[in-house]
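A.B. asks: Whatever this is, show me its structure:
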Amino acid sequence: MPRHPDPDLEERVLKAADGLWRRGGERALTMRAVARAAGTNTPAVYRRFKSREDLIRGLLLRIASRIREQFEQGETLEQMAEAYVEFALKMPNEYELFYTHAGLMSPRKGRGAPRPIRESRPNFDFTERLLAKNFGGSPEDHTQTALALWALLHGTSSLLLTKSIPEGHEEALREACRLGVRALLKEAA
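C.D. replies: Numbering: from 1, shown residues only. Presented below is the predicted three-dimensional model:
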């Protein structure tokens, strides 16, 4: 009797992998554990995701989508920046996954010139387009500002997540980040 494909399997596998990562991070994400959590077997998981990297790529796309949803809720660039840091603090395992494995989202094909950053980071082009909408010009005119914003926000988030800033200074760091965002946006205008 031929097997009938399960149309919901991919979503169940991604949901199971997402839950395992949230609870246990990198170590919890094995293909066998994902299969068990998804209510299937390991070969079925491998039919949908050829490797653990492929599965992680699927998770990365889900996380990028969540980050994008947070960005889109903000009405201003400052609110978008605040949402970035909030996401990192509320979802530390997802944030770690995203920045530990982000290179898997669009692996380089061969050697040569690096591709534009907007092709490898799905929310980078969104930021460039939002800057262009607010300040004029083309999205490409705002690549440096978008990179500066990303560096500032990622640095702030990383310092807070790793508790590298002396205790009691977290709000001062967040305020410094807000001031930096405002200064970058003022310069972009």
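A.B. asks: Okay, buried residues for the helix of greatest length in the chain please.
C.D. replies: Determined from DSSP state H, the single longest helix within the chain is helix 52-73. By neighbour count on 16 or more other CB atoms under 10 Å, the buried set for helix 52-73 is 52, 55-60, 63-64, 67, 70-71. The way it works is simple: take the backbone N, C-alpha and C, and place the C-beta from them, glycine included.
A.B. asks: Residues in contact with the helix or strand of the chain with the lowest mean pLDDT: which ones?
C.D. replies: Within the chain, no helix or strand scores below helix 117-120, which has a mean of 71 by mean pLDDT, DSSP states H and E. Residues outside helix 117-120 that contact it (CB atoms under 8 Å, 6 or more residues apart in numbering) are 102-103, 105-106, 124-125, 128, 139, 143, 147.
A.B. asks: Keep only those of these that are in helices.
C.D. replies: Short answer: the contacts of helix 117-120 in helices (DSSP H) are 124-125, 128, 143, 147.
A.B. asks: Using JSON lines, lay out those together with pLDDT, distance to residue 116 and neighbour count.
C.D. replies: Listed next are the ones in helices among the contacts of helix 117-120 as JSON lines, based on pLDDT from 0 to 100; distance: CB to CB, whole Å; neighbours: other CB atoms under 10 Å:
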{"residue": "124", "pLDDT": "86", "distance to residue 116": "9", "neighbour count": "19"}
{"residue": "125", "pLDDT": "86", "distance to residue 116": "9", "neighbour count": "17"}
{"residue": "128", "pLDDT": "92", "distance to residue 116": "10", "neighbour count": "23"}
{"residue": "143", "pLDDT": "93", "distance to residue 116": "8", "neighbour count": "18"}
{"residue": "147", "pLDDT": "94", "distance to residue 116": "11", "neighbour count": "14"}
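A.B. asks: could those go into TSV alongside distance to residue 26?
C.D. replies: TSV is the format used below for the ones in helices among the contacts of helix 117-120 (distance: CB to CB, whole Å):
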residue	distance to residue 26
124	24
125	28
128	31
143	31
147	27
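A.B. asks: now for those residues, which pair is the farthest apart?
C.D. replies: Using CB to CB, those span at most 12.5 Å, a distance reached by 125 and 147.
A.B. asks: okay, now the domains of the chain?
C.D. replies: 9-50, 66-105+117-188 (automatic domain parsing).
A.B. asks: What ranges in this structure fall below the confidence cut-off?
C.D. replies: Where the chain drops to pLDDT under 70, the residues are 1-5, 106-115, 120.
A.B. asks: all helices for it, in order.
C.D. replies: 9-24, 31-38, 42-48, 52-73, 77-90, 92-101, 117-120, 122-135, 143-161, 170-188.
A.B. asks: Just the angle for the first one relative to helix 52-73, thanks.
C.D. replies: The reference is to helix 9-24. If you take axes from the mean of the first three to the mean of the last three CA atoms, to 10 degrees, helix 9-24 sits at 80 degrees to helix 52-73.
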